[in-house]
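# Fold the following and give me the result.
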Amino acid sequence: MEAVGLVETDLNLPEHGWGSALLHRTRPSVGKQWTDSAETNDDRGLKNRPTEDVRRVPIPPHLVAVLREHLATFGTADDGRLFFSEKGSVVPSWIYYRVWHEARLRIETSCAYD
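Coordinates of the predicted model:
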């Protein structure tokens, strides 16, 4: 998951228009027993790419505004990450799964009434 490792310095978030993100690392949730650091999230390069490879991703204006607001509201973790837990650590993957599940249920419910 590239978003888990996204740091503020990798973002270009202009006041207006399109922005961009430089993706160069992931923080997959693999379990402590499978990492060299004994952390649940390993810090790796992009999948199936050379370690130093970087991928530029365009960010549409609406998402630029959302990310700017997110940074203004929550700031970053000590290491610059945008998304972090209350204690500053990596957000556990089960949190993402729960949020996606709830979002899907809301979409299905709202579509049922259309």
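
# looking at this, P58 is in a strand?
Yes. Checked against DSSP: H, G, I helix; E, B strand; the rest coil, P58 lies within a strand.

# Tell me the bridge partners for it.
Here P58 sits in beta bridges with S20, as judged by DSSP bridges.

# Put the alpha carbons of the longest helix belonging to the chain into CSV.
Longest helix of the chain, by residue count under DSSP state H: helix 93-112. In CSV, the C-alpha atoms belonging to helix 93-112 read as follows (Å, rounded to 0.1, in the frame of the first residue of the first chain):
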residue,chain,number,x,y,z
SER,A,93,-4.6,-2.8,8.0
TRP,A,94,-7.8,-4.1,9.8
ILE,A,95,-8.8,-0.4,10.2
TYR,A,96,-8.6,0.2,6.5
TYR,A,97,-10.6,-3.0,5.8
ARG,A,98,-13.3,-1.9,8.3
VAL,A,99,-13.6,1.5,6.8
TRP,A,100,-13.8,0.1,3.2
HIS,A,101,-16.5,-2.3,4.4
GLU,A,102,-18.5,0.4,6.0
ALA,A,103,-18.1,2.6,2.9
ARG,A,104,-19.3,-0.2,0.6
LEU,A,105,-22.4,-0.8,2.8
ARG,A,106,-23.3,2.9,2.7
ILE,A,107,-22.9,3.0,-1.1
GLU,A,108,-25.1,-0.1,-1.4
THR,A,109,-27.7,1.4,0.9
SER,A,110,-27.8,4.7,-0.8
CYS,A,111,-28.1,3.0,-4.2
ALA,A,112,-31.0,0.9,-3.0
